[in-house]
Each structure stands twice: as structure tokens, then as C-alpha cells.
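Visitor: Structural data only, the sequence is not supplied:
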């Protein structure tokens, strides 16, 4: 899995820094933007941001590492699906968002997963299935079990959230961070097969570039 | 400025300040002593003449070249190797025609105008004036350079001529201009790098080395050159971080400057290189966008209403930004243009919808902007940025995000079909072939190339005619009211008359004279006589 060290290790502490790109995938108006907006600003849309909300960054200072999230929102309309692979190039995590009150969005999420599986190996990307809009529980069309079962069979993280009532939004992103960091550790303990894409400071400082030849 | 210094130094006669053509207006040394109107006429004449001469030259040179080509073909067997190279170059020349046609005219028109200017000022003899005019001319030529129709059949000719000219003697004006900018960037870079002291020196050395190496690698494929550049970025960043322990923010800043410096120098070799089919793709995209001119915002579900003046302002700004991208040389500057364009789009959506835009709204709008703007050399620009931008900028960050969106937009436009516009296949085909235009079916719409002012005027006219109608209605109703009022008074009068007629006022003559109040009192007699005062003796 690719990770980019952008912040660098500070001289005081050995705490590593990671930058993770997270893409939001899902049908139109399932609440992708709201989810990200809620997470970044801990605020729902009723309070309007200054510019559009489709690109967000969030820096997390965790015990073991500093993590910078870069959240890319994508257009959910079906007609753009054919070009959306450009969005998730080099992504570290993907959120497959569906609306629990709309069965169709759930099947679309499954289609997105198929797309992702074409482009990534299972250990290259963390995928989370997210059932949004739990505040609309009365109109629920997709049961929690349905989502859970599907996620389990495909090895995805699963969570039901509500961006509107701020239900489990933070937990969702924390779960993703934990999973990303866990994989990071796992990879450090055994030599990575994807050495090329790993940007490691120590390794690259000894690499030779064309201009030195 | 010049005028002022002259006033101070030499005495200038009043007549010298007037237009040389004697039209009575004041002349300006910047216009060779003509007034603005006469100058424009003169300049235009000179230019037309020069263009004509250039065509003739182009034709002659092409003939010569074709002869040379034919003769080289006859001796092909003897020198097949060199010929294959020659042929390759020729096809390149052909494909490069579009980019070069503009250069050709700017360069030649300048020379022509200059010549004309010299002819017009033989006896002036004021060196300062002439030099100043020359400078202004250079600016003017930029302003007046016409935007030639890309599909003009003669452009191949012009392009070819330019190629020949360039091959024989590099056009000094273009090179001078380019080198002015390169020098400026170099100076800025050196100044910037000084603030980094020792690491700065190292960076500078690395850059020089890189540029040197690259100059020997021009024959490599563009992908290999791109890889070299990416390796170089990576190397310099790593060196700064690990060897010189420069803090990350400063590394980032330095990397931006490094990119600016090397890419300003590399631009002309690696932007839309002849070894690739970038230009072919550019033309394909351009043609595609032109063929899609009929696409309306409604078809793309664009959440932007251009009726609102503020929004249409934003749309125009966004289009300007995306078009401006082509004029930048540094990949990061190009990215900045895309980001600026995107911000304007977000604003437009926000004003229209009164809520912040999400990606669901943004991408369709960006597609619409690209369709409407048809930015020049779109594919070349995207390729150039992908190949030579600092990867840390491109893959991550806001700039990277918007760039990805642009790539998606272009990919979508290339693939766009009936379904993605919610049209039937027949409709789509008809629109594509230009048989009908969706706009014409609606009575109150205009063709897309009608300018804003005309649209506004038509709208105003519409409004006026509506007002006119209302006015007429009001007048006719007022007349009716007036008539009603008159009828009413007439009616009342008539009624009154009728009544008067029916019940004529008869004044009965007085039957008897007015008697005393008690005159009719017949019973008076019965009354006892009034009491008389009686005197009682007593």
C-alpha cells in the first residue's frame, strides 16, 4: 500500500507522519459531502461553509502518528462512473456510501466495489461500507444486517452513520485510521512486496537519480 | 513620457503636436505622430501589404521545398537513412501547423509594421520618438494579432513557411521574448535560492546539472524525459530534507521554485513534443467540443443559472481562467489556473443554489465550462502537467484534486453519448450532425454564439412589447370607462327627465288668501265672549 510521508518526522520525536487519500464513492445525494463536511468541521450543512465542499483535509494527532487525511468527494451520477477511476488513483481508503432509506443506492455501492476490486489488490486499499442517514430510520429500506453481511463477505469495514445527527461519523474515520495504521505496522514488520510505491525517507535518500549520472 | 521630456528639452512647435495627416486632432509620438484614428488606418494598410507579401513568399518557398522533396525522393535509395529522418520531420511539420501559424503572423506582422513605420517617418529624425514607437508597436502587434480560423486551408502553408524560417534562421523576436522571461525567472530563482544559503547553492548546482543532462537527452522519448524530471524532483527534495535538514515547509517552497526554474527552461522542448501525438489529440478534443456546441446546461444537469448576472460573471471568469492555463509555462502555474477556475465554479453554484456545492454539482459544471470555453491545447496541457509537475503537487492537495476533476471532465467529454445527456439516440445524432439544434426548438432561446448584449437587447425588446400591449389595454379600458361615465350621466339625466315628465311639477294656485290664524274658526261664535275686565267696586 502506498503511503506518502509529507510532514516528515519532527526532530523532537520519532512519531511518523502519514498522508492518506480517502475517496468518497456513492450515488448522488446519499450524503457523501455532508459526511466529510461533518467530520472535518463537526458541523452539519445548515451552517454553510465559505467555498464548496468537495475537497477536505483533516490532520489528526494520534499517539502513534500524525495523520493527514485528504478527502476527495466524487460525482455520484451514474453517467460519470466510467471516468471516476481517475479519482481513486493512488487512494489509500475508499468509503462506499449508501442511503439506508434507498435500496438502489446500496446496489450501486456494490457496483462501486466491483470497480474498486478491478483496480486494487485487497491489501492496497482500505474500503469501508457506510450506510448513511440513520436519522431516517423510519424509512429504512436496507437493514443493518444486510449491510453487515455484505461487508463481512467482502472483508470491508462497516458502519452506519448519520451526518445530520452526527451519529458515528467520527468513529467511522477513526476506524479507518486504525485500520490504515495497523496495515502500516504489519508492513513494517515484514518486508513490503510493494517496495516501489512506498516512499520511505531513508530508502529514497540513497536512491540514485538520472541527473547524477 | 517621451512627450514630457521633449517639452523640457527641445522646443516643440504646436504644429508638430497635431496629427501628421492634418485631420486636426492631436497626434501622438507613440502612433508615429498620427492621431489614434489615422494611425489605425495607416497601420492596417501596412499590415495588409505585409501579409500579402508573406503569402507570396510562403508560396514560393513551398514550391521550392516540394521540388527539394521530389528530388530527395529520387535519390532515396542512396540515402535511405537520412531520408527517413527527413520524412519524419516533414510529418511533424505538418502536424505542428496550428501552433506555429500564430507565431508566424506575430513575427511577420511586427516586421511589416516596423517597416511601415520607418517609411512613414523618414524626415522625423527623432531617435527617441522612433524607439518609443517601436516599443509600442510591439505591444500593438500583440493586440491586433487576429485570431485566425484554425480550419483555414492556407494555414498549412503558413505553418510550413514558419518551419522553414525557423530552420534557416531562428526568428529573433520570439527567442528574445522567451529569453526575457527565462532571464527573469532565472534571476528570481537565484535571488530566492540565496535565502537558503548553503543548501541553496547545492540546489542551484543540481538544477544546472539537470538542465545540462536534459539537453543531451532531447532524443529520448517524452516518457523517459518525464521520468528524469520526476527523479530529479524526488532527489532534490530528499537531499534538502535529509542532507540539509531543511524543514518540510521550506522544502516545499524550494521545490516550487525549482520546478518553476527548470520548467521555464524546458518548456519549449517538452510541451507538446513532436515525438508524441499530443497535438493530434488536442485537435481531436477541440473538434469534439466544437461538435458538441449545442449541449445546454439543462442536458448536463448543471446547477448554475446564468440568468443571475453575478453567476454569469463567475462563469465568464471560470472560462477565462481555464483558457489562461495554456499561456503559463510552469506546470504549477497551470494547476493554479485550474484551481482558480474551480473556485469560480463553486461560487457560481453557491450563488445559484444558495448552498455549498458538492462534487455532484461540481463535475457537471466543470464539464459545461470546458465545453463552453474550449480551452486551447487541452490534451497537451494535461499531458505536460502529468509528466512534469512535481508529483507531490499532482497526486495530493487541492490542486491535484481539481486537476483530477479536469481530467475526468475531458475523459467524459470524449466518451459523451446520448445517454449521458438524457437524449434519445436519434436526437443526439441529429444534433451531432447539425441537422437541428435543440435551441431552435425553443422559441425564446438564442443560438449559443449570440453575445450577451444581443440577448439582453432581445429580452428588453420583448419586455417593451409586453409593456406596449399593456399600455394599449389600459388606454382602451380608460376609454371604455370614460364612455361608461358619459353613458351613466346621460342615463341619469334621461331618467330624471322621464320622471320630471311623468310627474310634472304642478304648482297649485293659492285657493284663498291667507286669513288670520283664527279666521276659519267657525265655532268662534259659540265661544263665550272673551273675558272683559270688570271693575268691582269694593
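Guide: Looks like it arrived, so ask away. This is a predicted model, so every value here is computed, not measured. Residues are numbered from 1 along each chain as shown, chains lettered A, B, ... in the order given.
Visitor: Quick check: the nearest residue in space to residue A:159 that is not next to it in sequence vs residue A:128, distance?
Guide: Using CB to CB, 6 or more residues apart in numbering or on different chains and skipping residues adjacent in sequence, the residue nearest residue A:159 is residue A:172, 4.7 Å away. C-beta coordinates here come from the backbone N, C-alpha and C atoms, glycine included. Separation of residue A:172 from residue A:128 (CB to CB, to the nearest Å): 7 Å.
Visitor: Mind listing the shared neighbours of these two?
Guide: In terms of CB atoms under 8 Å, 6 or more residues apart in numbering or on different chains, residue A:172 and residue A:128 are both contacted by the residues A:95, A:159.
Visitor: still on that earlier bit, now for the residue nearest to residue A:159, how many residues are close by?
Guide: Residues lying near residue A:172 (other CB atoms under 10 Å in any protein chain shown) number 21.
Visitor: Output the below-cut-off pLDDT ranges for chain A.
Guide: Scanning chain A for pLDDT under 70 picks out the ranges A:1-14, A:42-53, A:190-213.
Visitor: what helices or strands is the top helix by length along it leaning on?
Guide: When chain A is parsed with DSSP state H, its longest helix is helix A:169-189. The contact analysis (3 or more CB pairs under 8 Å, 6 or more residues apart in numbering or on different chains; DSSP states H and E) places helix A:169-189 against strand A:17-26, helix A:32-41, strand A:66-73, strand A:93-99, strand A:126-132, strand A:157-160.
Visitor: quick one: what helix or strand has the residue most central in space within chain B in it?
Guide: The centroid of chain B falls nearest to residue B:320 when counting by CA atoms, centre = their mean (4.9 Å). Element membership of residue B:320 [criterion: DSSP states H and E] is helix B:309-324.
Visitor: ok, longest helix in chain B?
Guide: helix B:452-502.
Visitor: Specify the angle between that helix and helix B:309-324 in degrees.
Guide: Taking axes from the mean of the first three to the mean of the last three CA atoms, to 10 degrees, helix B:452-502 and helix B:309-324 form an angle of 160 degrees between their directions.
Visitor: what is the rounded mean pLDDT of helix B:452-502?
Guide: For helix B:452-502, the mean per-residue pLDDT is 93.
Visitor: Please compute how far it lies from its chain's middle.
Guide: Counting by CA atoms, centre = their mean, to the nearest Å, helix B:452-502 is centred 49 Å from the centre of its parent chain.
Visitor: cool, stretch B:55-65 as well?
Guide: Using CA atoms, centre = their mean, the offset of stretch B:55-65 from its chain centre is 36 Å.
Visitor: just stretch B:298-305 next, same as before
Guide: Taking mean C-alpha positions (CA atoms, centre = their mean), stretch B:298-305 and its chain are 20 Å apart.
Visitor: Endpoint to endpoint, it covers what distance?
Guide: End-to-end span of stretch B:298-305 (CA to CA, to the nearest Å): 10 Å.
Visitor: Could you do stretch B:190-204 as well?
Guide: 8 Å.
Visitor: Provide the contact partners of that stretch at residue level.
Guide: So stretch B:190-204 is contacted by B:189, B:236, B:239-240, B:243-244, B:246, B:250, B:254, B:257-258 (CB under 8 Å, 6+ apart).
Visitor: Name the residues of that stretch that are buried.
Guide: B:192-193, B:196, B:199-200, B:202-204 (16 or more other CB atoms under 10 Å in any protein chain shown).
Visitor: and what of stretch A:81-89?
Guide: Residues of stretch A:81-89 classed as buried: A:81, A:83-84, A:86-88 (neighbour count, 16+ other CB under 10 Å).
Visitor: Start and end of that stretch, how far apart?
Guide: 14 Å.
Visitor: any idea how far it is from the chain center?
Guide: On CA atoms, centre = their mean, the centre of stretch A:81-89 falls 15 Å from the chain's centre.
Visitor: How about stretch B:225-238?
Guide: Stretch B:225-238 has its C-alpha centroid displaced from the chain centroid by 36 Å (CA atoms, centre = their mean).
Visitor: can you give me the helices for the stretch 151-300 of chain B?
Guide: Assigned by DSSP state H, counting those that start in this stretch, the stretch 151-300 of chain B shows helices spanning B:155-168, B:172-194, B:197-216, B:222-238, B:248-270, B:278-291.
Visitor: Comparing those helices, which yields the minimum mean pLDDT?
Guide: Least confidently modelled of the helices of the stretch 151-300 of chain B is helix B:155-168, at a mean of 49 by mean pLDDT.
Visitor: Residue A:39 is in contact with residue A:173, isn't it?
Guide: Yes: Residue A:39 is within contact range of residue A:173, at 5.4 Å (criterion: CB atoms under 8 Å).
Visitor: before we move on, what SS does the residue lying closest to residue A:139 once chain neighbours are set aside have?
Guide: Once flanking residues are discounted, residue A:139 sits nearest to residue A:101: 4.2 Å by CB to CB, 6+ apart. Assigned by DSSP: H, G, I helix; E, B strand; the rest coil, the conformation of residue A:101 is coil.
Visitor: for residue B:435, same thing?
Guide: coil.
Visitor: So which bits of the stretch 101-250 of chain B are right by chain A?
Guide: B:206, B:209-210, B:213, B:227-228, B:231-232, B:234-235, B:238-239, B:241-243, B:245, B:247-248 (CB under 8 Å from any CB of the partner chain).
Visitor: now those residues: which count as buried?
Guide: Among those, those classed as buried by 16+ other CB under 10 Å are B:206, B:210, B:213, B:228, B:231-232, B:234-235, B:238-239, B:241, B:248.
Visitor: one step back: pLDDT at the residue nearest to the centre of chain B, what is it?
Guide: 94.
Visitor: go on, the one 4 residues further on?
Guide: What the model reports for residue B:324 is a pLDDT of 93.
Visitor: how about it, what does it touch?
Guide: By CB under 8 Å, 6+ apart, the residues touching residue B:324 are residue B:337.
Visitor: circling back to that earlier point, just checking: which of the buried residues of stretch A:81-89 also lie near chain B?
Guide: Okay, of the buried residues of stretch A:81-89 touching chain B (CB under 8 Å from any CB), that's A:83-84, A:86-87.
Visitor: Reformat those as TSV; add secondary structure and distance to residue B:295.
Guide: Converted to TSV, these look like this (DSSP: H, G, I helix; E, B strand; the rest coil; distance: CB to CB, whole Å):
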residue	secondary structure	distance to residue B:295
A:83	helix	16
A:84	helix	20
A:86	helix	21
A:87	coil	23
